[in-house]
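Peer 1: prediction below, plus the sequence it came from.
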Amino acid sequence: MNRPFGHDNAGLLVRQCPQAVSIGPALAGLARQPHPFVLESVSTDSSAGRYSILGCDPVDEFVQRDLDGGDWVDGFRSALDRWPAVHSRPDVPFPGGWVGFVGYEAGAVLENVRPRVAPDVDQPVVGFRLYDSALIWDHARDRCFAVAVDWPPDLPVTRPSADERIDRLMELACQSPRPTPDTLDSPVGPPPVSNMTHDQYLQKVRRILDYIAAGDAYQVNLTQRFTTATAASPLELYRRLRRANPAAYAAWLDWGDGAILSSSPELFLDLRDGRVVTRPIKGTRPRIGDPVVDAAAQEELLHSAKDAAELTMIIDLLRNDLGRVCEFGSIRVESASTLETHPTVYHLSATIVGTLREGVSALDLLRAASPGGSVTGCPKIRAMQIINELEPSRRNVYCGSIGYLGLDGSMCMNIAIRTMILDRGQLHLHAGGAIVADSDPQAEYEETLAKARGMFRALGYENPGELFPTPAPYDEAAPCTR
C-alpha cells in the first residue's frame with residue numbers, strides 16, 4: 001500500500017450525529033465561521049457522488065498566489081509533510097485533510113504552457129487548507145457522522161481536543177434554524193455579459209478547425225466567460241446553485257474576498273488504497289423537460305459518431321496521463337461509454353481505473369494528470385497552446401479541479417466545470433465544449449449555452465439563449481480574425 005504523506009500517525013475520532021443534524025442548518029451555521037467549505041453530492045445518481053462533507057476553522061493552509069512563485073507542487077509537498085498521517089478506514093471517506101483547488105493555469109504551467117493574458121481575478125492559482133474535523137453525510141446509508149483528528153501531544157500546534165471540535169461542529173449544525181426553501185424567482189444581479197460576441201466565438205471555432213485540418217490537434221476545448229455584478233452572499237449563491245443544478249461533485253470554498261461555487265458532474269481523480277478512478281465526460285445534448293424531445297436527444301447522443309470519437313480521444317489521453325504514475329498493465333477502461341442525465345443536459349462518460357505505483361503519492365497523481373484532459377483536448381500540450389492563443393481571459397479555477405487530499409493518502413478531485421467564481425462583487429462563470437474535425441460552429445456555441453443554463457437559472461435567468469440571441473444570418477465564409 002502507498003504510504004500517505006506525513007510522518008508519525010495521528011488518531012481519528014468518529015462519532016455518530018443525532019438525527020437533528022441536517023445539511024441545510026449546517027450550511028448556515030458553518031457559513032459564519034472562519035473559512036467554511038462544502039464538498040457535496042446533491043445528485044440523484046447513486047453511482048456518482050455518495051458523500052457530503054462540511055467543515056470550517058482550518059489549522060493550516062498552502063496558498064500560491066501566482067505562477068511565478070516556483071513549483072507549487074514542491075511547495076505543497078512541503079506543507080503536507082509537516083503533518084502526521086491518519087490510518088485509513090473504509091467507512092470514513094474523509095479523515096481530515098487538505099481541501100482546496102488547483103487552477104487550470106497551475107496545471108498548464110506544469111507542461112510549460114504559461115498564460116499570455118494577465119489575471120483579472122483576485123484568486124490564488126493553487127489554494128488548500130488543512131481541516132482536522134468535519135461533518136460527513138453518507139447518502140447511501142442515510143446517516144451523518146463527525147470526524148476529528150486526534151493530534152499527537154507533542155505536535156507544535158494548539159487545538160481544542162477532538163471531542164471538543166466535534167461538539168462545536170454539532171452545535172453549529174443544530175443551532176441554526178432550518179432555512180426557508182430557496183427561490184430562484186428574482187435575479188441576483190444584471191444579466192451576465194460574455195467576454196466574446198457570438199461571431200467571435202464562431203470565428204475561434206473556425207480557427208480551431210483550421211488547426212485540426214492542418215494536423216496540429218484532434219480536439220480542442222474552447223470556452224467563453226460570462227460576468228455579472230452581485231451583492232448576494234456566497235451562501236445564497238451556493239444554495240441557489242445546488243437547487244438549480246444539483247451535482248455529484250458540488251463544492252463551496254471560501255477564498256479571500258469571494259468564493260468558489262461549483263456544481264460539477266465530473267469526477268477527475270479518486271484514489272483509495274492505491275486504486276485510481278477517473279471518469280471523463282464528453283458529448284452533450286440539451287435536456288428541456290419534454291419527454292419526447294428528451295428521449296430523441298438521448299438516442300441521438302448515444303448513436304453519435306462524433307461524440308463517441310470525442311470520448312475515445314480523451315480516454316486515450318487519460319490512459320496516457322495515468323500511465324505516468326500507475327503500475328504497468330494496471331490501467332483499463334471499465335466503461336467506454338455511459339449515458340448520464342443531469343438537470344439541463346445529457347452527457348456521455350467513461351470510467352478508467354488503474355493501480356498507483358508503490359511510493360507514488362496522491363500529489364504525484366494530481367501533478368501527472370493536471371489539468372484534466374477532458375477540458376483541454378488532444379494532444380494535450382498543443383491543445384492548451386491553442387486555448388492560450390484564442391481565449392481572452394484566464395480560466396482560473398474553472399477547468400482546474402476542486403476537492404481534497406486526505407490525511408490517509410486518499411484523494412477525491414472534481415473537474416471544475418459548472419463553476420462560478422465570486423470576486424469582490426463580480427461573479428464569473430464559464431462554459432465551453434470540445435471542437436473536433438466535424439464540429440458545426442453554431443452547434444458548438446449553442447452547446448455552451450446549454451451547459452451554462454443551470455448556472456444562469458441559479459442567478460435568476462431561466463434561459464441564457466434569451467440573453468444571447470443568435471444574430472442572423474451568420475456568414476460561414478467570413479474570414480477568421482486571429
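Peer 2: Good, I have the coordinates.
Peer 1: CA only for contacts and neighbour counts going forward, please
Peer 2: Will do.
Peer 1: quick one: low-confidence parts of this structure?
Peer 2: Applying pLDDT under 70 to the chain picks out residues 1-8, 20, 43-48, 176-182, 472-482.
Peer 1: repeat that with 80
Peer 2: 1-8, 19-21, 42-49, 69-70, 175-185, 256-257, 470-482 (pLDDT under 80).
Peer 1: buried stuff in the strand or helix carrying Val73?
Peer 2: Secondary structure from DSSP states H and E places Val73 in helix 72-80. Buried residues in helix 72-80, counted by 16 or more other CA atoms under 10 Å: 72-73, 76-77, 79-80.
Peer 1: ok, of those residues, which one's closest to His303?
Peer 2: Val73 (41.3 Å; CA to CA).
Peer 1: where does the residue most central in space within the chain fall, phi/psi-wise?
Peer 2: Residue closest to the average C-alpha location in the chain (CA atoms, centre = their mean): Ala416, at 2.4 Å. When read as degrees, to the nearest 10, the backbone of Ala416 gives phi -80, psi 70.
Peer 1: one more: the one 5 residues further on?
Peer 2: For Ile421, the backbone dihedrals (degrees, to the nearest 10) come out as phi -120, psi 120.
Peer 1: same question for Gln33.
Peer 2: Residue torsions, per degrees, to the nearest 10, at Gln33 are phi -100, psi 170.
Peer 1: and for Met455, the neighbour number?
Peer 2: By other CA atoms under 10 Å, the residues close to Met455 number 28.
Peer 1: thought Ser374 was touching Thr278?
Peer 2: No. If you go by CA atoms under 8 Å, Ser374 and Thr278 don't touch, sitting 10.6 Å apart.
Peer 1: quick one: which of those two has more around it?
Peer 2: Ser374 (28 against 25).
Peer 1: list the residues that contact the more buried one.
Peer 2: 221, 280-282, 314 (CA atoms under 8 Å, 6 or more residues apart in numbering).
Peer 1: farthest pair in those?
Peer 2: Asn221 and Pro280 (13.4 Å).
Peer 1: who's more crowded, the two?
Peer 2: Shown here are Asn221 and Pro280; by other CA under 10 Å, Pro280 has more neighbours (25 against 21).
Peer 1: dihedrals phi and psi, the more buried one?
Peer 2: Dihedral angles for Pro280 - degrees, to the nearest 10 - are phi -70, psi 150.
Peer 1: residues contacting it?
Peer 2: Here Pro280 is in contact with 266-268, 311, 314-315, 349-351, 374 (CA under 8 Å, 6+ apart).
Peer 1: tabulate those (TSV), appending distance to Arg50 and secondary structure.
Peer 2: Formatted as TSV, these follow (distance: CA to CA, whole Å; DSSP: H, G, I helix; E, B strand; the rest coil):
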residue	distance to Arg50	secondary structure
Glu266	13	coil
Leu267	12	strand
Phe268	15	strand
Leu311	25	helix
Ile314	25	helix
Ile315	24	helix
Ser349	18	strand
Ala350	18	strand
Thr351	17	strand
Ser374	23	helix
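Peer 1: so which of the residues you listed is the closest to Pro392?
Peer 2: Using CA to CA, the contacts of Pro280 come closest to Pro392 at Ser374, 20.2 Å.
Peer 1: how about the helices in this protein?
Peer 2: 23-31, 72-80, 104-108, 162-175, 198-213, 234-244, 291-302, 305-323, 362-369, 380-390, 441-458, 464-467 (DSSP state H).
Peer 1: got the contact list for the last one?
Peer 2: Translated: helix 464-467. Residues contacting helix 464-467 (CA under 8 Å, 6+ apart): 191, 449-450, 452-453, 456.
Peer 1: quick one: that helix to chain centroid distance?
Peer 2: 25 Å (CA atoms, centre = their mean, to the nearest Å).
Peer 1: repeat that for the fifth one.
Peer 2: The gap between where helix 198-213 is centred and where its chain is centred comes out at 26 Å by CA atoms, centre = their mean.
Peer 1: packing partners of it?
Peer 2: When contacts are defined as 3 or more CA pairs under 8 Å, 6 or more residues apart in numbering; DSSP states H and E, helix 198-213 packs onto strand 219-229, strand 426-435, helix 441-458.
Peer 1: what residues of the last one count as buried?
Peer 2: Taking 16+ other CA under 10 Å as the basis for neighbour counts, the residues of helix 441-458 that come out buried are 441-442, 444-458.
Peer 1: and if you look at the shortest one?
Peer 2: If you call a residue buried by 16+ other CA under 10 Å, then strand 426-435 has these buried ones: 427-435.
Peer 1: export the residues you listed to a markdown table and tack on distance to Ala369?
Peer 2: Shown next, in a markdown table, are the buried residues of strand 426-435 (distance: CA to CA, whole Å):
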| residue | distance to Ala369 |
| --- | --- |
| Leu427 | 28 |
| His428 | 25 |
| Leu429 | 24 |
| His430 | 22 |
| Ala431 | 21 |
| Gly432 | 20 |
| Gly433 | 20 |
| Ala434 | 18 |
| Ile435 | 21 |
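Peer 1: could you measure from Thr227 over to Leu459?
Peer 2: Counting by CA to CA, to the nearest Å, the gap from Thr227 to Leu459 is 11 Å.
Peer 1: these two: which is more packed in?
Peer 2: Leu459 (26 against 19).
Peer 1: wait, Leu237 touches Gly460, no?
Peer 2: No. Contact status for Leu237 versus Gly460: not in contact, 10.5 Å apart, counting by CA under 8 Å.
Peer 1: sorry, back to before: now the helix holding Val73 and helix 362-369, what's the angle there?
Peer 2: Going by axes from the mean of the first three to the mean of the last three CA atoms, to 10 degrees, helix 72-80 is angled at 170 degrees with respect to helix 362-369.
Peer 1: alpha carbons only: can I get helix 72-80 in PDB?
Peer 2: Written as PDB, here are the backbone C-alpha positions of helix 72-80 (Å, rounded to 0.1, in the frame of the first residue of the first chain):
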ATOM      1  CA  TRP A  72       3.700  24.800  -6.500                       C
ATOM      2  CA  VAL A  73       3.900  21.000  -6.300                       C
ATOM      3  CA  ASP A  74       7.100  21.100  -4.300                       C
ATOM      4  CA  GLY A  75       5.700  23.800  -2.000                       C
ATOM      5  CA  PHE A  76       2.500  21.900  -1.400                       C
ATOM      6  CA  ARG A  77       4.500  18.700  -0.700                       C
ATOM      7  CA  SER A  78       6.500  20.500   2.000                       C
ATOM      8  CA  ALA A  79       3.200  21.700   3.600                       C
ATOM      9  CA  LEU A  80       1.800  18.100   3.500                       C
END
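Peer 1: on that earlier part again, higher neighbour count, Leu237 and Gly460?
Peer 2: More crowded of Leu237 and Gly460, by other CA under 10 Å: Leu237, with 23 against 20.
Peer 1: next, the contact list for the more buried one, please.
Peer 2: 261, 458-459.
Peer 1: thinking again about what came up before, need the helices of the chain in a markdown table (columns: distance to Trp255).
Peer 2: Below are these laid out as a markdown table (distance: least, CA to CA, whole Å):
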| stretch | distance to Trp255 |
| --- | --- |
| helix 23-31 | 12 |
| helix 72-80 | 17 |
| helix 104-108 | 17 |
| helix 162-175 | 21 |
| helix 198-213 | 31 |
| helix 234-244 | 10 |
| helix 291-302 | 38 |
| helix 305-323 | 30 |
| helix 362-369 | 21 |
| helix 380-390 | 25 |
| helix 441-458 | 20 |
| helix 464-467 | 28 |
